[in-house]
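Asks: build me a model:
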Amino acid sequence: LRLLAREVPGLTRLRYTSPHPRHATASLVRAHRELDVLARHVHMPVQSGSNRMLRRMIRRYTREEYLARTRALVGARPGITLSTDLIVGFPGETEADFLETLSLVREAGFTSLFAFKYSPRPGTPSTRLADDVTEAEKSDRLARLFALGEELGRAHLGALVGSRQEVLVHGASKGKSGTFEGRTGQNEIVHVEVPEGLSAVGALVEVTITAAYKHSLAGAPTAAALAELALRAPRRAPEKRRRLLPLAPPPGDPRVAPGEP
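Replies: Alright, predicted model coming up:
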């Protein structure tokens, strides 16, 4: 991370994906503290909040170790957000195990999560375990987990309304002309509306958050950001006047006198 931050010219934001919790070392924590270019968001899969299930999954960390590492990351850089992956209905999971997962989600304060029902995958050690959680139980737990994730996500996004955020714009939003989509350093999706004739793609745009939706935000560019976008607008070069030459008539054209070329 330090090498990329140092050697890549013009790097605006650096993000990495899905580290194993054991890789969230003191060195990584220091990098978040010292590298301004490093995004203030970490997606770190936990899979379960139950130590018993983590052992059955052969995850090689405990609930307590996971939470200690997330606290270290959050403490390294103000405003860091966390997201995660979770599995419900892993072989042997009880209601008590699942409740520990819910409590970990609240304690870690994830702003978003991805969750899945367990299903046997050929070639993995879990196929030697009995798939003893019913499909109805898996569906119920997944729905409850998603409900908690939605609750935490709505609270997080709602708290950002009125704040100023820097949005790295990566493309046009779907369905509305003049609106672009990007992400903050904390990984929130923001829809940014700009005046006609301006493009924000590739720009780091400061916006004021005006609204929170289910999974995204709306933002209005600040006056300074609009002035910068106007400077980026492509200018049309004056068109060169081309000299038009008459077309030669085809052979045998009656307008051509005999002997003329």
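Asks: quick one: low-confidence parts of the protein?
Replies: 233-261 (pLDDT under 70).
Asks: which stretches of it form strands?
Replies: All strands of the chain, identified by DSSP state E, fall at 41-43, 81-88, 112-117, 164-172, 179-184, 189-193, 204-212, 217-221.
Asks: out of these, nearest to R154?
Replies: strand 204-212 (7.4 Å; C-beta to C-beta). Using the backbone N, CA and C atoms, a C-beta is placed for each residue, glycine as well.
Asks: only alpha carbons, please: show that closest one as PDB.
Replies: Extracted in PDB, the C-alpha atoms of strand 204-212 (Å, rounded to 0.1, in the frame of the first residue of the first chain):
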ATOM      1  CA  LEU A 204     -13.100  14.400  -7.100                       C
ATOM      2  CA  VAL A 205     -16.200  16.500  -6.300                       C
ATOM      3  CA  GLU A 206     -17.000  18.100  -3.000                       C
ATOM      4  CA  VAL A 207     -20.800  17.900  -2.400                       C
ATOM      5  CA  THR A 208     -23.300  18.700   0.300                       C
ATOM      6  CA  ILE A 209     -25.400  15.600   1.100                       C
ATOM      7  CA  THR A 210     -29.100  16.600   0.500                       C
ATOM      8  CA  ALA A 211     -30.900  13.300   0.900                       C
ATOM      9  CA  ALA A 212     -30.500   9.700   2.000                       C
END
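Asks: packing partners of it?
Replies: helix 135-159, strand 164-172, strand 189-193, strand 217-221, helix 223-232 (3 or more C-beta pairs under 8 Å, 6 or more residues apart in numbering; DSSP states H and E).
Asks: most tightly surrounded among the ones you listed?
Replies: Ranked by mean neighbour count, those are led by strand 217-221 with a mean of 21 (mean count of other C-beta atoms under 10 Å).
Asks: in its sheet, what does that one sit against?
Replies: Using DSSP bridges, strand 217-221 pairs in its sheet with strand 189-193 (parallel), strand 204-212 (antiparallel).
Asks: make a markdown table out of these and add distance to R121.
Replies: Compiled in a markdown table, the strands paired with strand 217-221 are given as follows (distance: least, C-beta to C-beta, whole Å):
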| stretch | distance to R121 |
| --- | --- |
| strand 189-193 | 30 |
| strand 204-212 | 37 |
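Asks: relative to Q165, which of these is closest?
Replies: Per C-beta to C-beta, nearest to Q165 of the strands paired with strand 217-221: strand 204-212, 5.9 Å.
Asks: can you pull up the bridge partners for R183?
Replies: Beta-bridge partners, per DSSP bridges, of R183: L168, I189.
Asks: CA atoms of stretch 9-25 as CSV?
Replies: Coordinates of each C-alpha in stretch 9-25 appear next as CSV, following Å, rounded to 0.1, in the frame of the first residue of the first chain:
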residue,chain,number,x,y,z
PRO,A,9,1.4,9.5,-10.0
GLY,A,10,-1.8,11.5,-9.4
LEU,A,11,-3.3,8.7,-7.2
THR,A,12,-6.5,10.1,-5.7
ARG,A,13,-7.8,7.2,-3.7
LEU,A,14,-6.5,3.8,-2.9
ARG,A,15,-8.8,0.9,-1.9
TYR,A,16,-8.1,-2.8,-1.2
THR,A,17,-10.6,-5.6,-1.0
SER,A,18,-11.7,-8.2,1.6
PRO,A,19,-8.7,-8.9,3.8
HIS,A,20,-8.8,-12.0,6.1
PRO,A,21,-9.1,-10.7,9.6
ARG,A,22,-5.7,-12.2,10.4
HIS,A,23,-4.2,-9.8,7.9
ALA,A,24,-5.6,-6.7,9.7
THR,A,25,-2.2,-6.3,11.4
